[in-house]
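Q: sequence below, structure please.
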Amino acid sequence: MSRILLEVCVDDCAGIAAAVAGGADRIELCAALAMGGLTPSAGLMAQAADCGLPVLAMIRPHAGAFVWSPDDLRAMEVEIAAARDFGLAGVVIGASYPDGRLDAAALARLVAAAGGMDITLHRAIDLAPDPAAAMQLCRDLGIRRVLSSGGAGTAVQGLPRLLQMAAAAMGVTVMPGGGITAANASLLAEWLPVTEVHASCASALPDPEDSRIAAFGFQLPGARGTDVAKVQALRQALDQIGRSRPSGWISS
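A: Predicted structure coming up:
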């Protein structure tokens, strides 16, 4: 059986517990997943460090584009140091120029700060005008994993670009993410040499009992949380894909 690794992104303690219980292999730890994920708090890092799974902390100091000021980069270096101090396995980083090209200098600085840790380049690559050149830069910087939806709203919609990235991977793992579920995982695996997938496995949270919570903006409309049943279902689907692969299968 060729096991496909399942990474689940979470942004609270309940999400950590659901990911572990559902059979995730790794956690991407964030704050504010509704905004694409921001750097998690020190308390959440401490909680995740004891969960029994490898944990990669998102390093993103604010929402919006991935164009960082000198102050942003200094803050990110401190956040990387915090993830290291809490014993997390790695970090998730990204940096771009205003035109979407990856910012090699900023990324090199962040990679240096994360020396010895596991590093994923996040979906900043989905803004890059030349995905093959972006993959080459990742390889040159020593980044060995890239999370991408293929520049589309979902990984299924972005399959053509994901295929292009996989062809240019040169030792860099392309980890599809964006709308991946138990229902569509087999389609991705049919076309891509998938060894890892990234998913939120989230469901809508119930409306707060106290209406003021929503009225005051303490919980956003459409808030979602990690659903252990969806984690389990995706884990089972990935295991089925792994069992169906021929003996000796090796990703290209």
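
Q: what sits against residue 177?
A: Contact partners of residue 177, counting by Cβ atoms under 8 Å, 6 or more residues apart in numbering, are 7, 9, 123, 147, 148, 149, 155, 197, 198, 199. Every residue, glycine included, has its C-beta placed from N, CA and C.

Q: again, only this time at 10 Å
A: Applying Cβ atoms under 10 Å, 6 or more residues apart in numbering to residue 177 gives the contacts 7, 9, 28, 120, 122-123, 126, 146-150, 154-155, 158, 196-200.

Q: just those: which are in strands?
A: If you go by DSSP state E, the contacts of residue 177 have 7, 9, 28, 120, 146, 147, 148, 196, 197, 198, 199 in strands.

Q: was I right to think the fourth one contacts residue 54?
A: No. Contact criterion Cβ atoms under 10 Å: residue 120 and residue 54 do not qualify, at 11.2 Å.

Q: between those two, what contacts are shared?
A: 7, 26, 90.

Q: contact partners for the first one?
A: What it means is residue 7. Applying Cβ under 10 Å, 6+ apart, the residues near residue 7 are 19, 24-28, 53-54, 56, 92, 120, 145, 147, 175, 177, 196-199.

Q: rerun that using 7 Å as the cut-off
A: By Cβ atoms under 7 Å, 6 or more residues apart in numbering, the contact set of residue 7 is 24, 25, 26, 28, 175, 196, 198.

Q: determine which two of those are furthest apart.
A: The span of the contacts of residue 7, defined through Cβ to Cβ, is set by 24 and 175 at 13.4 Å.

Q: who's more crowded, the two?
A: residue 24 (28 against 20; other Cβ atoms under 10 Å).

Q: any idea what the residue lying closest to that one once chain neighbours are set aside is bridged to?
A: Counting by Cβ to Cβ, 6 or more residues apart in numbering, residue 24 lies nearest to residue 8, which is 4.2 Å off, once chain neighbours are set aside. Beta-bridge pairing for residue 8 (DSSP bridges): residue 27, residue 199.
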